[in-house]
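**Q** Could you look at this predicted model? Sequence included:
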Amino acid sequence: MTLRTDVLVVGGGATGTGIARDLALRGVDVVLVDRGGLAGGTSSRSHGLLHSGARYAPADRAGAEECIRERRILGSIAGACVRDTGGLFVELEDDDPDYLRAKHDACVDIGIPATLLTAAEARDRVPDLAPDVRRAMAVPDAVVYPSRLVAANAEDARDHGARILTHTPVEGMRVAGDRITGVRVGGQVDGAIEAKFVVNAAGAWADRIAAMADVDVEMHPNRGVMIAVDYADLDPVLNRGRDPGDGDIVVPHADEVVLGTTSVDVDDPDDPGSADWELDRVREECARMLPPVAEAEPIRTWWGVRPLYAPDEAARGGRGISRGFFLLDHEIDGVANLASIVGGKLTTYRAMAEATADLVADRLGVDDPCITADRRLPGADDPARLDAFVAAFDAGGPSDADVRTGGDRDEP
C-alpha cells in the first residue's frame, strides 16, 4: 500500500497535530503518523502549566513575550482545553527578595500583568499557604489539558482533509539525491508514504527519525516526575519565587493538584527510568509552599521526557533559562524536503506549528497565511465532545486523566 500526499508530519503530539491543522487550513494535503496514540510521547505527560511568560522574565525576554502571546491566544481559541486559574509566585523567608522584585519589573516592562501581594493578601487567595510566606506575585498563568488540546487540533486537521494515522510507526526512509522519496511505515498502513515534504515533529525521538534520512539532530532527553495528590482547595497555579529547581510548581485541578517536577538527563526516551528520591524531593519542596500536600493521598504518578535540543542545552549551561524552539531546515544537510522542529514547550506549540507551516508553505508555493491564532478549536465549548475526540485518537494521558470523562485516574 502506498499513500501519496503533499506533506507527511511524523509525530502526533501538540506540535505535530498543530502543524497538521495549520497546513490543512491552508488547503495543503497532509498525512500525520504516530507510532502510538496521539499525545503519548511528551504532550500528555506534562504538568499542564500554561505559562504566562512570568517564569522566563527577566532571563529571556523573547521567550516571555512569546509565552504571554500564546497564552492569550489559547485562552481565546481553546475553550475547555484550558482552565483560567491565574497563578502566584510565592516568596518564602529564605528566598532571595531580589528575585521576585526583578521578575515583577521585567513582567511590567514586557507587558505581562503582574501584581505584588503581601503575605496576607496571598493567603486570602490560598489560605493553606506556608506560614513563612513573605509575599507573592499574581500573574495570568493557567492550566492546559493536553489530551484535549492535541485531539482538538487533530480533529480540526481531519475536518479539513488531513489523514491522521495513529499506531503507524515510521520504519525507514528512502533518499535519492537530495530528497526523501519514500517513507516506510508499519501498523495500519504497512506500506509506504510518498510526500513532497516531510516534517519531523517527533519530539524527544526526533534524532531517530532524522537519522533515517542520514541527518544528524542532536537531542538531549530529560525526564521529570509529576505527582497528582488529593487536594481540592487550590485555585491558582503556585510557582516558587526562586530560580527554577526541583519541586517548584503546583498545578490545580478540580479535586487534586499536580506537583512537579525534576530534571534528570536520560540516554533513552523509551526507557527514562525513575527514582524514589524524585518523589520525595518534589513532595518536600512543593510542601514548602503548600504544607497540606506533604501528607495528601497520592492518586497517580508519572514521568515525562522533555524534547530538549542538545546544542541549546550546551549553550545555556543551566536549567533556569527559557528553552526556546528550533526549526531545523535540513536543506543545508543535503535533504531539501525535510525539516525538524525541536525544543520548545507546550505553551508555544501553536507558534512552533506556525513557523514550521510557514516554511513548508513557502517550499510548496502555498500563499495562504496561518489562521490558527484566530480560529476556535472544534469542541472548545463542549467538554464531552473534546473527550470524544480524545477517545477517537487514543490521545489520553495521565496529565489530565482526572478531568476527562472516562479518564483513567490510576494510570502509573
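**A** Looks like it came in fine.
**Q** How about the backbone phi and psi for Pro307?
**A** Dihedral angles of Pro307 (phi, psi; degrees, to the nearest 10) stand at phi -90, psi 70.
**Q** again with Asp128
**A** phi -90, psi 10.
**Q** same check, this time on Val305
**A** phi -120, psi 120.
**Q** I'd guessed it sits against Pro272; true?
**A** Yes: using C-beta atoms under 8 Å, Val305 is in contact with Pro272, at 5.2 Å. For glycine as for every other residue, the C-beta is placed from the backbone atoms N, C-alpha and C.
**Q** who touches both of these two?
**A** Pro221, Arg223, Val266 (C-beta atoms under 8 Å, 6 or more residues apart in numbering).
**Q** could these be laid out in TSV, adding distance to Met212, secondary structure and neighbour count?
**A** Output for the shared contacts of Val305 and Pro272, formatted as TSV (distance: C-beta to C-beta, whole Å; DSSP: H, G, I helix; E, B strand; the rest coil; neighbours: other C-beta atoms under 10 Å):
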residue	distance to Met212	secondary structure	neighbour count
Pro221	18	strand	22
Arg223	24	strand	22
Val266	22	coil	17
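**Q** nearest to Val175, of those?
**A** Pro221 (25.4 Å; C-beta to C-beta).
**Q** ok, which stretches of the chain are helices?
**A** For the chain, the helices defined by DSSP state H cover 14-25, 61-77, 97-110, 119-125, 146-159, 206-211, 276-289, 310-316, 349-364, 383-392.
**Q** picking that back up, need the shared contacts of Val305 and Pro272 in a markdown table with distance to Ala351, can you?
**A** Converted to a markdown table, the shared contacts of Val305 and Pro272 look like this (distance: C-beta to C-beta, whole Å):
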| residue | distance to Ala351 |
| --- | --- |
| Pro221 | 22 |
| Arg223 | 25 |
| Val266 | 27 |
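**Q** and of those, the nearest to Glu297?
**A** So of the shared contacts of Val305 and Pro272, ranked by how close each gets to Glu297 (C-beta to C-beta), first place is Arg223, at 24.2 Å.
**Q** residues touching the closest one, list them.
**A** Counting by C-beta under 8 Å, 6+ apart, Arg223 touches Thr262, Ser263, Val264, Asp265, Val266, Pro272, Gly273, Ser274, Trp303, Gly304, Val305, Arg306.
**Q** Next, the contact list for the closest residue to Pro252 other than its chain neighbours, please.
**A** Leaving aside its chain neighbours, Pro252 sits nearest to Leu234 (4.1 Å; criterion: C-beta to C-beta, 6 or more residues apart in numbering). Shown in contact with Leu234 (C-beta under 8 Å, 6+ apart): Val126, Asp128, Val250, Pro252, Val257, Leu290.
**Q** Domain map for this protein?
**A** The chain breaks down by automatic domain parsing into domains covering 2-43+146-219+322-400, 86-140+220-309.
**Q** What separation do you get for the residue nearest the centre of the chain and Leu49?
**A** Among the residues of the chain, the one closest to the centroid is Leu346, at 2.1 Å (C-alpha atoms, centre = their mean). The gap separating Leu346 from Leu49 is 8 Å, by C-beta to C-beta, to the nearest Å.
**Q** Pull up the overlap in contacts between those two.
**A** Val144.
**Q** still on that earlier bit, do you know which of the domains of the chain lies nearest Arg55?
**A** For Arg55, the closest of the domains of the chain is domain 86-140+220-309, at 6.4 Å, according to C-beta to C-beta.
**Q** per-residue confidence at Gln188?
**A** With respect to pLDDT, Gln188 scores 87.
**Q** Please disregard the earlier target; I meant Glu313.
**A** Glu313 is given a pLDDT of 81.
**Q** if I pick the nearest residue in space to it that is not next to it in sequence, what's in contact with it?
**A** Computed as C-beta to C-beta, 6+ apart, the closest residue to Glu313 that is not its neighbour in sequence is His220, at 4.6 Å. Counting by C-beta under 8 Å, 6+ apart, His220 makes contact with Asp265, Leu308, Tyr309, Ala310, Glu313.
**Q** among those residues, which two are most distant?
**A** The two members of those with the most space between them (C-beta to C-beta) are Asp265 and Tyr309, at 13.4 Å.
**Q** Please say which of the two ends up with more neighbours.
**A** Tyr309 (23 against 12; other C-beta atoms under 10 Å).
**Q** What residues are bridge-paired with the more buried one?
**A** Applying DSSP bridges to Tyr309 gives these bridge partners: Met219.
**Q** Touching, it and Phe326? I think so.
**A** Yes: in this structure, Tyr309 is within contact of Phe326 by C-beta under 8 Å, at 5.1 Å.
**Q** overlap in contacts of the two?
**A** Counting by C-beta under 8 Å, 6+ apart, the residues touching both Tyr309 and Phe326 are Val342, Gly343.
**Q** What remains of the contacts of Leu234 if I keep only buried residues?
**A** By neighbour count, with 16 or more other C-beta atoms under 10 Å, the contacts of Leu234 hold Val126, Val250, Pro252, Val257, Leu290 as buried.
**Q** Which residues are in contact with the first one?
**A** Applying C-beta under 8 Å, 6+ apart, we find Val126 in contact with Leu88, Leu234, Asp235, Pro236, Leu238, Leu290.
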